[in-house]
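Participant: this is a predicted model, with the sequence first.
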Amino acid sequence: MLTQASSAPQVIRLHPNDDVIIATRQLSPGTRIDAERLVVTGLVPPSHKVATRDIAKGEPVKRYNQIIGVAREAIGSRAASTCTCTTSAYPNSRAITRAYDCERHSLLDSCIGVFKDALPRTLLKEHYRCHPRIIQFCNQQFYDNALVPMTQDNGEAPLRLLVTAKGNHARKNTNLRELESLRKVLEDEGEPVALEGDGRGFIAPFRAQATLSGTYLPADFVKDTVHKFQGRECDEIVFSTVLDKKHYNVARLDFVDDPRMVNVAVSRAKSRFTLVTGDEVFTANNGHIAALMRYVEYYAQDEQIVRAPVVVSAFDLLYKEYDRSLARLNARLRPEDSRYKSEQIVAQVLREALSEASCQAITFHAQIALAQVASPTNPALTAREREFMRNRASCDFVLYFKVGKTPLGVIEVDGGSHDRPDQAARDALKNRILAKSNLPILRLRTVESGIEEKVAGFLAAWARTSADEGRATANA
């Protein structure tokens, strides 16, 4: 039976100088590509590359008239099959292909990066989206005052700045302190400001921060990265900068402080823009975010400038700079409690919590072997869990009743190393062992706040029991 051939082209050539063409459909061995004078010898799946000339192993390969990598092996064009290449062996390929990074650039930015001055551009000077005070920053910083705001300033409060407490609070592209501080400000504010139909948006440079915000912010917030928000708008936008002053974040300041990112972040807000950032993180490089902070501080109403301490954590004592409200706790730390200051902090918080009358039947000990807290003969334990217990696994703090020494629960202090996969696996093992032993565990991450409240809440069940026992003894 004869069938009519498809009129769609078999392949697409993206540029006359390209070394490869792209298959529009699956090409079987023996398929002729007359326009390129080629015969396919191997199976070529849709969207795969086909070489148009002989390419030696290690030779650069062009697509879009740009080098996209080098050939992994020699490729013969006259009997073409799938062309594979790699970017790792070509020293300049990373810089050349960066314009095609869809996580870093929008389609428009990619086109500008590829075609540069050859791409005609027209600036739309009349601006109808943002409150005049919001867009005026972009106008001054990025457009040389070429924009003409067409919106009206009716005395609203369109700008807000939230600066978190001193210290390095970022971890793995997230900054919990920025989210906790923002949540506290939103709770104190009560009902959100009157919004139109475009709602509120939370944007950040990193996907991890946008994802984490879903746990801490009201559900009505639209949460995404700055790059993914291009072309969208909200009545209110909150921009979280995430980074802190740790040395490895210094090299990433330029990524967050990129003019395109800052411009997009600010200009997504129609009625109100809030900047959430760390204390003096961007001051030294004096870039776009530093300029944005100065702008907001100058034009915003005093009550819209919110500085630390919005949220303070006992673990802020781990940093050289911390809020003065923590001086009393710092003076009471005991180096003999632990060689780690984070554990010294928790030990002192525990002492102060257990000094309450309702908790005086409870005590704690530090660095207790896990095998002394949970029974290694528990039949519910796996061989791997028993092995873990034999390998000198210990608990940071174990709570007991003073009389009888019955273990009540475990408190662990999790620093930055606990984000590593190997340490996370050990933590999971310990959690399972304690769960099978009916022993609750409280994990305190050193980037968290509200440590005193978390410890008091963990003690609450036993504190009530001990208080009741005390009353029963007095009545007897």
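Facilitator: Received the coordinates, thanks. Just so we're clear, the structure is a prediction, and the values are computed from it rather than from any experiment.
Participant: which regions of the stretch 351-476 of the chain lie under the pLDDT threshold?
Facilitator: 464-476 (pLDDT under 70).
Participant: what ranges does it have for its helices?
Facilitator: 370-373, 383-390, 421-436, 451-475 (DSSP state H, counting those that start in this stretch).
Participant: to Phe397, which of these lies closest?
Facilitator: Taking C-beta to C-beta, helix 451-475 is the member of the helices of the stretch 351-476 of the chain nearest to Phe397, at 9.6 Å. For the C-beta atoms, the positions are set from N, CA and C on the backbone; glycine is no exception.
Participant: where in the protein is pLDDT low?
Facilitator: For the chain (pLDDT under 70), the answer is 1-7, 77-98, 100-106, 122-123, 192-196, 308, 464-476.
Participant: tell me how many other residues surround Asn145.
Facilitator: As a burial measure, Asn145 scores 9 neighbours (other C-beta atoms under 10 Å).
Participant: OK, contacts around it?
Facilitator: Asn139 (C-beta atoms under 8 Å, 6 or more residues apart in numbering).
Participant: how about Gly231, phi and psi?
Facilitator: Main-chain dihedrals, Gly231, degrees, to the nearest 10: phi 90, psi -10.
Participant: now the terminal residues of stretch 348-366, how far apart.
Facilitator: 12 Å (C-alpha to C-alpha, to the nearest Å).
Participant: I would like the residues contacting it, please.
Facilitator: With contact meaning C-beta under 8 Å, 6+ apart, stretch 348-366 is reached by 314, 329, 332-334, 337-338, 343, 347, 396-403, 408, 411, 451-452, 455-456, 459, 462-464, 466-467, 469-470.
Participant: looks like Ile289 contacts Thr241 (just checking).
Facilitator: Yes - under the criterion of C-beta atoms under 8 Å, Ile289 makes contact with Thr241 at 6.2 Å.
Participant: the two: who's more crowded?
Facilitator: Remark: of Ile289 and Thr241, Thr241 carries more neighbours, 28 against 24, as counted by other C-beta under 10 Å.
Participant: just want the phi and psi numbers for Tyr248.
Facilitator: Per degrees, to the nearest 10, the backbone of Tyr248 is at phi -80, psi -10.
Participant: only whichever of the contacts of stretch 348-366 are buried, select them in ChimeraX.
Facilitator: In ChimeraX syntax, the buried subset of those is picked out as below (16 or more other C-beta atoms under 10 Å):
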select :314,329,333,337,338,343,347,396,397,398,399,400,401,408,411,451,455,456,459,462,463,466,467
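Participant: ok, back up a step: what's the most buried one of the helices of the stretch 351-476 of the chain?
Facilitator: Most buried of the helices of the stretch 351-476 of the chain, by mean neighbour count (mean count of other C-beta atoms under 10 Å): helix 370-373, with a mean of 19.
Participant: who's in contact with Leu217?
Facilitator: Neighbours of Leu217 in contact, by C-beta under 8 Å, 6+ apart: 179, 182-183, 186, 202, 223.
Participant: apply 6 Å and report the result again.
Facilitator: By C-beta atoms under 6 Å, 6 or more residues apart in numbering, the contact list for Leu217 reads Phe202.
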